[in-house]
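Asker: Got a sequence here, can you build the structure:
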Amino acid sequence: YQRRVHGIKRLMLRVFRGISKYVAARRFAVLGTKPRDPRFSALTQNDVDYFKSILKDNNAVLTGSDDVKPYNEEILRMCDGSSKCVLRPTSAEQISSILSYCNSKKLPVVPQGGRTSLVFGATPTFDEIIINMERMNKIHDLSPYTGIIKLQTGTVLEEAEKYCHSKGYVFPLDLAPKGTCQIGGNLGANAGGLHYIKYGSLHGNTIGMRVVLADGKILDTLDAHRKDNTGYDLKQLFIGAEGTLGIITDAAILCYPKPASTSLCFLAAERYDNIKQVLINAKRRFTESLSAFEMMDEEGYELVRKNIPDVKVPFGSTKYPFYILMEAHHNGPQKEADEKMMEFVDSMKSHIQDGIISRDSTQSKHIWGTRERIPEACYREGLLLSYDLSLSPDQYYELVPIIRERLGARAKVTGYGHVGDGNVHITISLSGRTNKPLFMEVYKMLEPYIFLECVKRKGSISAEHGIGAMKAPYLSLAKSPEYIATMAAIKKVLDPNGIMCPYKMLKQQSHELIVFIYLLGSLNCKGCFGFWGFGVLG
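Answerer: Numbers count the residues shown, from 1 in each chain. Here you go, the predicted structure:
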């Protein structure tokens with residue numbers, strides 16, 4: 001019996017290591033060791049000529065290698081594409097003609113926004129035609145009566161925010177890369193952001209949209225009302241679909257009246273449990289006015305202090321294990337808002353070690369910069385891996401020390417994120433950009449380990465970054481076979497030729513064996529299989 005058990009252990013370890021090597025090999029070449037799908041046609045000069053006839057602008061069709069190169073590059077520079085053609089349309093009608101043609105010719109496409117995707121969702125895997133939305137950046141209007149803004153989805157998020165502010169409104173989404181990311185990408189990934197705790201998701205705030213399907217048909221609900229119960233709410237299918245079902249060209253999004261005043265504080269805490277207590281009390285004290293509740297650990301704070309010199313971190317070189325950024329929007333005067341925040345901070349003295357309340361816009365900018373620029377600070381360290389998970393408040397920070405212990409001195413591990421809504425970002429930074437063998441070693445130690453540990457805690461392997469190509473192999477860890485089959489059925493109806501973002505999300509379901517062994521490990525079989533204490537992939 002003992003020999004059989006050890007034999008099973010050795011077999012499972014061999015299987016896991018084999019899978020790990022298979023997955024790791026994807027990262028620096030092109031994600032997906034599967035060859036290019038033979039169903040798809042290759043781009044010809046006739047195709048390029050047709051696109052030029054539609055777009056009627058030489059700058060709208062890019063085919064030169066130097067011109068195309070930046071659009072093939074993803075933000076982490078680990079998985080660049082090899083597209084030969086970039087199209088830059090200006091209207092839904094142009095995109096309709098493009099997709100109708102591509103569908104008839106079986107030419108694969110990938111819609112692209114600001115290229116800030118961290119899951120390789122906005123760049124080609126092979127030679128897909130890139131449909132870049134940067135020229136579709138018109139803001140149509142914002143109704144002073146309904147607060148609904150209508151705009152093209154190539155609009156940069158920061159520009160949408162500025163426009164709303166000029167009209168006395170707040171755009172419901174705010175993200176660290178707001179100066180680059182676009183509304184279309186935000187909708188495609190159902191981005192949550194810094195103010196999710198107050199304004200909710202894009203699923204809840206998107207009132208209507210104009211979307212072009214794979215065959216060129218246009219679904220137009222841009223003029224929809226907030227209350228409209230006539231049939232299926234089809235727009236919800238495209239939010240979070242990451243461009244796999246169609247291209248959202250225009251959107252109508254609900255905005256909120258700009259608050260009369262804003263209070264902001266930055267606190268230091270000794271333990272994560274202190275953060276939980278502050279969050280509980282903040283929700284009770286500020287109720288609906290609580291607009292942001294963010295956390296970061298000492299590693300993230302120190303990386304910003306070291307790598308982002310134009311940000312004055314609130315406590316300077318004084319170190320604490322954890323930090324909290326808390327913001328509230330108020331309807332009363334600024335003095336009243338500051339007094340309310342000061343009273344709250346005073347009441348939390350048993351849970352915090354230090355605290356600063358912002359007194360002006362300059363200080364607020366540095367406080368927000370300390371939190372928002374953590375990803376940039378990590379990137380400046382060198383090669384990195386970024387994970388975006390949802391976990392319960394009790395388990396929110398649990399994986400960070402586990403990953404830190406697992407990797408040891410190989411990398412820096414930073415934990416931060418939107419603790420108010422359960423979204424934790426775990427970023428692994430290596431020193432420099434040349435040690436690819438070390439990167440691959442770290443990568444193999446993390447995947448699928450981190451996803452398995454997340455699912456073990458009943459969390460989500462993607463809170464707001466999406467699935468893209470990076471997490472496609474692990475979708476079956478997050479969703480049941482029935483759920484994925486239903487997704488595939490919807491995809492088949494709306495994109496029967498599979499031209500929209502092939503090789504992403506639904507393409508690479510190759511890890512059923514991981515699910516099987518994971519289930520074995522969760523069935524109280526530790527004595528027999530030694531799953532969790534087995535050092536798998538280690």
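Asker: Run through the helices of the stretch 51-200 of the chain in chain order.
Answerer: All helices of the stretch 51-200 of the chain, identified by DSSP state H, counting those that start in this stretch, fall at 65-72, 92-105, 157-166, 183-189, 196-199.
Asker: list the buried ones in whatever helix or strand comes next after the shortest one?
Answerer: Once helix 196-199 ends, the next helix or strand along the chain (criterion: DSSP states H and E) is helix 202-205. Buried residues in helix 202-205, defined by neighbour count with 16 or more other C-beta atoms under 10 Å: Leu202, Asn205. Backbone N, C-alpha and C define where each C-beta goes, glycine included.
Asker: Which strands or helices does helix 202-205 pack on?
Answerer: strand 246-254 (3 or more C-beta pairs under 8 Å, 6 or more residues apart in numbering; DSSP states H and E).
Asker: Tell me how far Met445 lies from Thr414.
Answerer: Using C-beta to C-beta, to the nearest Å, Met445 is found at 17 Å from Thr414.
Asker: Those two: who's more crowded?
Answerer: Between Met445 and Thr414, Thr414 has the larger neighbour count (other C-beta atoms under 10 Å), namely 28 against 20.
Asker: Please list all residues in contact with the more buried one.
Answerer: Met296, Asp297, Glu299, Gly300, Leu303, Ile374, Cys378, His425, Ile426, Thr427, Ile428, Ser429 (C-beta atoms under 8 Å, 6 or more residues apart in numbering).
Asker: Make JSON lines out of the residues you listed and add secondary structure.
Answerer: As requested, those are exported to JSON lines (DSSP: H, G, I helix; E, B strand; the rest coil):
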{"residue": "Met296", "secondary structure": "strand"}
{"residue": "Asp297", "secondary structure": "strand"}
{"residue": "Glu299", "secondary structure": "helix"}
{"residue": "Gly300", "secondary structure": "helix"}
{"residue": "Leu303", "secondary structure": "helix"}
{"residue": "Ile374", "secondary structure": "helix"}
{"residue": "Cys378", "secondary structure": "helix"}
{"residue": "His425", "secondary structure": "strand"}
{"residue": "Ile426", "secondary structure": "strand"}
{"residue": "Thr427", "secondary structure": "strand"}
{"residue": "Ile428", "secondary structure": "strand"}
{"residue": "Ser429", "secondary structure": "strand"}
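Asker: Pull out the buried members of those residues.
Answerer: Using 16+ other C-beta under 10 Å as the burial test, the contacts of Thr414 include Met296, Asp297, Glu299, Gly300, Leu303, Ile374, Cys378, His425, Ile426, Thr427, Ile428, Ser429 as buried.
Asker: State the three-state secondary structure for the spatially most central residue of the chain.
Answerer: When C-alpha atoms, centre = their mean is applied to the chain, the residue found nearest the centroid is His465 (1.6 Å). Secondary structure, three-state DSSP: His465 is coil.
Asker: Isn't it up against Ala122?
Answerer: No: checked against C-beta atoms under 8 Å, the pair His465 and Ala122 is beyond contact range at 11.3 Å.
Asker: Which parts of the stretch 301-450 of the chain are strands?
Answerer: For the stretch 301-450 of the chain, the strands defined by DSSP state E, counting those that start in this stretch occupy 322-330, 354-357, 384-390, 412-418, 423-429.
Asker: Let me know the distance separating Gly336 from Leu245.
Answerer: One correction, residue 336 is Glu, not Gly. In terms of C-beta to C-beta, Glu336 sits 47 Å off from Leu245.
Asker: These two: which is more packed in?
Answerer: Remark: of Glu336 and Leu245, Leu245 carries more neighbours, 23 against 14, as counted by other C-beta under 10 Å.
Asker: how about the nearest residue to the more buried one, chain neighbours excluded?
Answerer: Leu494 (4.8 Å; C-beta to C-beta, 6 or more residues apart in numbering).
Asker: these two touch, right, the one you found and Val212?
Answerer: No: using C-beta under 8 Å, Leu494 is not in contact with Val212, being 11.0 Å away.
Asker: Need the residues touching each of the two.
Answerer: Gly246.
Asker: follow-up on the earlier one: let's have the helices of the stretch 51-200 of the chain in a markdown table, adding distance to Asp421 and mean neighbour count.
Answerer: Putting the helices of the stretch 51-200 of the chain into a markdown table (distance: least, C-beta to C-beta, whole Å; neighbours: other C-beta atoms under 10 Å) gives the following:
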| stretch | distance to Asp421 | mean neighbour count |
| --- | --- | --- |
| helix 65-72 | 33 | 14 |
| helix 92-105 | 33 | 20 |
| helix 157-166 | 18 | 18 |
| helix 183-189 | 15 | 29 |
| helix 196-199 | 5 | 22 |
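Asker: How far off centre is the strand or helix carrying Ala268?
Answerer: Assigned by DSSP H and E, Ala268 belongs to strand 261-269. Here strand 261-269 is found 25 Å from its chain centre; the criterion is C-alpha atoms, centre = their mean, to the nearest Å.
Asker: That one pairs with which strands, and in what direction?
Answerer: Here strand 261-269 has these sheet partners by DSSP bridges: strand 322-330 (antiparallel), strand 354-357 (antiparallel).
Asker: pLDDT of the shortest one, averaged?
Answerer: If you average the pLDDT over strand 354-357, you get 96.
Asker: got a list of contacts for that strand?
Answerer: Outside strand 354-357, the residues touching it (C-beta under 8 Å, 6+ apart) are 263-268, 314-315, 318, 320, 338, 341-342, 345, 348, 363, 367.
Asker: Tell me, how many residues neighbour the residue nearest to Leu245?
Answerer: Neighbours of Leu494 (other C-beta under 10 Å): 21.
Asker: Run through the residues that contact it.
Answerer: By C-beta under 8 Å, 6+ apart, the neighbours of Leu494 are Leu213, Ala214, Leu237, Leu245, Gly246.
Asker: what does Leu303 give?
Answerer: Taking C-beta under 8 Å, 6+ apart, one finds Ile374, Ala377, Cys378, Glu381, Lys412, Thr414, Ser429 in contact with Leu303.
Asker: try 10 Å this time
Answerer: Counting by C-beta atoms under 10 Å, 6 or more residues apart in numbering, Leu303 touches 296, 373-381, 412, 414, 416, 427, 429.
Asker: Next: Asn229.
Answerer: No contacts exist for Asn229 under C-beta under 10 Å, 6+ apart.
Asker: likewise Lys235?
Answerer: 187, 203, 206-211, 219, 221-222, 224, 248, 251-252.
Asker: of those, buried ones?
Answerer: The buried subset of those - by 16+ other C-beta under 10 Å - is 187, 206-211, 219, 221-222, 224, 248, 251-252.
Asker: which one among these gets closest to Thr434?
Answerer: The closest of the buried ones among the contacts of Lys235 to Thr434 turns out to be Leu187 (C-beta to C-beta; 37.0 Å).
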